[in-house]
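Asks: give me a model of this one.
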Amino acid sequence: MASADTKIPASPIPNDVDPAETNEWLESLDYVLESRGPERVSQLLATLEATAVRNGVELPFTATTPYVNTIPRTEQPAYPGDRELERRIKSYVRWNAMAMVTRANRDPASPGGHISTFASSATLYEVALNHFIKGRGEDGFSGDQVYYQGHAAPGMYSRAFLEGRLTEQNLVNFRREMGEGGGLSSYPHPWLMPNFWEFPTVSMGLAPIMSIYQARFNEYLTDRGIKDCRGKHVWAFIGDGECDEPETLGAITLASREHLENLIFVINCNLQRLDGPVRGNGKIIQELEGTFRGAGWNVIKVIWGGDWDPLIESDHDGLLARRMMEVVDGEYQKYTVAGGDYIRSKFFGKYPELAERVKNLADKKLEKMKRGGHDPEKVYAAYHRAVAEKNGKPTVVIAKTIKGYGLGEAGEGRNMTHNNKKLNEEELREFRTRFGIPISDERVAEAPFYRPPKDSPEMKYLRERREQLGGFVPSRRASQEKLEVPTLAEYKKTLDKLVSSGPGKEMSTTMGFVRLLGDLLRDKKIGKRIVPIVPDESRTFGMEGLFRQVGIYAHAGQLYEPVDADQLAYYKEAKDGQLLEEGITEAGSMSSFNAAGTAYSSHGVPMIPMYIYYSMFGFQRIGDLIWAAADMRAKGFLLGGTAGRTTLNGEGLQHQDGHSLVNAIAFPTVRAYDPAYSYETATIIFHGLQKMYVENETCIYYLMLENENVMMPEMPEGPDGGPCEKTKEGIVRGMYKVRSVQAEDRQHHVQLFGSGSILHSVLEAQQILAERYGVSSDAWSVTSYNELRRDAQETERWNMLNPTAEPKKSYFQQQMEGTEGPIIAASDYIRALSEQLVPWAPNGMFCLGTDGMGRSESRENLRRHFEVDAASVTIATLWQLSKQGKVDRGAVDQAINDLDYNREKVSPLYA
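Replies: Residues are numbered from 1 along each chain as shown. Okay, the predicted model is just below:
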């Protein structure tokens, strides 16, 4: 027992009722740690915890560790690089990035740009690029895959300029992409810079989720024996503010569940988003640590630079650690812009014991003590551990930095830092001096770019490091390998399976596609390259037969006996499974599509993704990821299942798609189709295979698939007995004539357009018009209004720019040439879809569609409600003829009565 005058050490527990006992426990813990090591300590603590729980003790829960670096100085590996040369290189990169943006904003066009994100993350990138991130190697398709933070793009351009990959004129033309000599895109855009950027990342939140599914797809390629991706890491550089996007954190449990130890997140926590602190009243680093630890990731925190090590290591009573936890991010941000005296007073001064510990440190010293993300040795230690981890877990490095680091009074750590785009002469001079850039006072105001001579130590070192790591990054290279794809003519037996043999043998276009897919997966030429993707709706689409045929991919295989093991189509998971059954996540499924659709450029292995999903939840829900797919030059097939506003009758408003084909208009690389028959679907798919994988066109084919069972006819034959070439051309270009019906007295003639399921309403209307109203007609299956419009626009553009040449005619105009009567068009989509062709319709065009909210009903009632059934087409046709003076308006009025049509019903647009 201690004597009355024995001083008991301070306890780390506030208001501790027995400090002496607390210190005895801590001393015991220290003894075990020193004598037996951390593993033994972990065993004892786990046993104590289990015993306490058994005895009803409610333990304090924490998902976080103290607010200090995960890796103490004693565990840091030796830094292998030349710190001085790397510092100078980093300084040049910083300067050129800043100069690029400043000069761009002096341009009369003011194209903009961002300085502060890269200023905060320069060390995070430079350490990675000098020591860890592997280039593409000799074959052009090895190495790591990197998702760069979009707003840090100037830093990547600046480094590429030092490497000699970009010219000074390129930098001058930053954000002026059509400038003479070539410009640079604002952010990472593979569409615009196909030999430089690999992934589009500035639409925040998309890079994290895409990187997760990319890492999983790399394992998929390895497990299926298509390409060995072992040793390849996927890096995602992310901002702390970006973590508020649902896509950023929404899939992190997949990464741990699938044991993606090939995945590394680097989160740049500069504590600031556009308008203010990310977590002014909280601690974003602790929040993220808890989230990722709870999701099963390795978490490495890099909070404090080496200047803090002596203070942390002497913090035996934990008082400094307590103070570090007490301070919220908004206050840490204030310390960045305040002087050393403020830090001494506000941070250390709260506790006299802490103030005593820094009494010998000058205010300037306190002011200059680095955050961990600006200390190369701390960052190196974190990356070294991250790439070395082999515990089956992904790793996140959470690094604390200062936004606008190095900008000084121009915006370092200030709320307006993100919008800071240019520096005045005094600020440029200060920046130049701080980072030791060899530019004279006379020239500094010009913000000139600086690149040392090629034979300088810095440039030699820069090139040597990248040569050892496999080449420069970022870079992109597209494989020109052509797949040998099958043709439609070779699949006659499959086409026969897509035909209804008689009454009671109706089928949907979805069923037809699944039958085709099953045969394609067996194809010796391309079967193994197909990547079927579905978000937990395989049985909805009738795809359960694929479970046994190709298996569901699972990195760990199947560790259980499925409940339906006795069934033919049981739920079969396999390590070499081919089907990606993603669960209820369209965003995750689309991320898999993007990974598979760019395998030709990422891995040199062309893959054929076929992603089928509820059509309503494609462009509407994850259009940003589809846009990213277009940007990153992905190829493959999107298949909108249960398509149409009236075809999916029972599911109601939320599920009924009447607009995705209109949404698709905005995506230049998407070729969207609405086939009515299975032979149309098959024709489009074989055409897409040829275009994307033989002719190497960069595009995505989007096909609507309905769930309505109808009679499926045979494909029209050509003279050689094979598929009719004229019909094939019409299907892929957007329209072809299905049937002509002549009325007995042939008073009038019209053109009837139908698409998808509504083609059947049009064909029914065709009979009514002929039999009851003496109207002859041609019925056309319009498979793609979008493709017809694009062709018409391009033709018109050519004619405009070649006014003295013989005018060209679009495919639509060619098909309509010599036809008689107005066009009446009907589809299961809003009127705007077919209205695209109105400017080129020779005799007028009237469009019917499903404008308005969906609802649950029978298909028959829904089509009457939306006015796209046979009666609606009939009335619309007679009305158009009456407007042209060919039919008496009284006859139209009588037809409305004859067809039992409620003329008082509410407009579907507002119903």
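Asks: wait, Gly821 touches Asn843, no?
Replies: Yes. In terms of CB atoms under 8 Å, Gly821 counts as a neighbour of Asn843; the distance is 6.0 Å. C-beta here means a position set from N, CA and C on the backbone, and glycine is covered the same way.
Asks: more neighbours: those two, which one.
Replies: Gly821 (22 against 15; other CB atoms under 10 Å).
Asks: on the pLDDT front, check that one for me.
Replies: As predicted, Gly821 sits at a pLDDT of 96.
Asks: on that earlier part again, quick check: neighbours shared by Gly821 and Asn843?
Replies: The contact sets of Gly821 and Asn843 overlap at Gln751 (CB atoms under 8 Å, 6 or more residues apart in numbering).
Asks: tell me where the stretch 351-500 of the chain has strands.
Replies: Along the stretch 351-500 of the chain, counting by DSSP state E, counting those that start in this stretch, strands occupy 395-400.
Asks: pLDDT weak spots in it?
Replies: Along the stretch 351-500 of the chain, segments meeting pLDDT under 70 span 408-422.
Asks: hmm, 50 instead?
Replies: Scanning the stretch 351-500 of the chain for pLDDT under 50 picks out 417.
Asks: ok, the nearest residue to Ser856 once chain neighbours are set aside - contacts?
Replies: Sequence neighbours aside, Gly652 is the residue nearest to Ser856 in space, at 4.1 Å (criterion: CB to CB, 6 or more residues apart in numbering). Residues near Gly652 by CB under 8 Å, 6+ apart: Gly854, Arg855, Ser856.
Asks: so which of the residues you listed belong to helices?
Replies: Among those, no residue falls in helices (DSSP state H).
Asks: in ChimeraX, select just the buried ones from those.
Replies: In ChimeraX syntax, the buried subset of those is picked out as below (16 or more other CB atoms under 10 Å):
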select :854,855
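Asks: got TSV for the contacts of Gly652, with pLDDT and distance to Asp455 too?
Replies: TSV is the format used below for the contacts of Gly652 (pLDDT from 0 to 100; distance: CB to CB, whole Å):
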residue	pLDDT	distance to Asp455
Gly854	92	69
Arg855	92	74
Ser856	94	75
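Asks: any chance of a markdown table for the contacts of Gly652, columns distance to Arg83?
Replies: As requested, the contacts of Gly652 are exported to a markdown table (distance: CB to CB, whole Å):
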| residue | distance to Arg83 |
| --- | --- |
| Gly854 | 64 |
| Arg855 | 68 |
| Ser856 | 68 |
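Asks: show me the contacts of Gly652 that map onto strands.
Replies: Under the assignment DSSP state E, those contribute nothing to strands.
Asks: can you tell me which of the contacts of Gly652 is nearest Gly502?
Replies: For the contacts of Gly652, the minimum distance to Gly502 (CB to CB) is 31.5 Å, reached by Ser856.
Asks: close enough to count as contact, that closest one and Gln654?
Replies: No. Applying CB under 8 Å, one finds Ser856 not in contact with Gln654, separated by 10.2 Å.
Asks: now do the shared contacts for those two.
Replies: When CB under 8 Å, 6+ apart defines a contact, no residue borders Ser856 and Gln654 alike.
Asks: mind showing which ranges of the stretch 51-200 of the chain have poor pLDDT?
Replies: Counting by pLDDT under 50, the stretch 51-200 of the chain contains no low-confidence range.
Asks: now with 80, please.
Replies: Low-confidence segments of the stretch 51-200 of the chain (pLDDT under 80): 60-61, 110.
Asks: now the strands for it?
Replies: 145-147.
Asks: where along it do the helices fall?
Replies: Ranges of helices within the stretch 51-200 of the chain are 83-106, 116-131, 153-162, 168-172, based on DSSP state H, counting those that start in this stretch.
Asks: closest one to Ile238 among these?
Replies: Among the helices of the stretch 51-200 of the chain, helix 116-131 sits nearest to Ile238 (CB to CB), with 10.1 Å.
Asks: buried ones in the closest one?
Replies: Neighbour counts over helix 116-131 (16+ other CB under 10 Å) mark 116-131 as buried.
Asks: so which of those comes closest to Leu85?
Replies: For the buried residues of helix 116-131, the nearest to Leu85 is Asn130 (9.4 Å; CB to CB).
Asks: and the closest one, how far from Phe449?
Replies: Separation of Asn130 from Phe449 (CB to CB, to the nearest Å): 21 Å.
Asks: follow-up on the earlier one: looking at the helices of the stretch 51-200 of the chain, which is closest to Ile758?
Replies: With CB to CB as the measure, helix 153-162 is the member of these nearest Ile758 (46.1 Å).
Asks: taking helix 116-131 as reference, get the angle to that closest one.
Replies: Compare the direction of helix 153-162 with that of helix 116-131 by axes from the mean of the first three to the mean of the last three CA atoms, to 10 degrees and you get 40 degrees.
Asks: got a list of what Asp82 touches?
Replies: Applying CB under 8 Å, 6+ apart, the residues near Asp82 are Tyr461.
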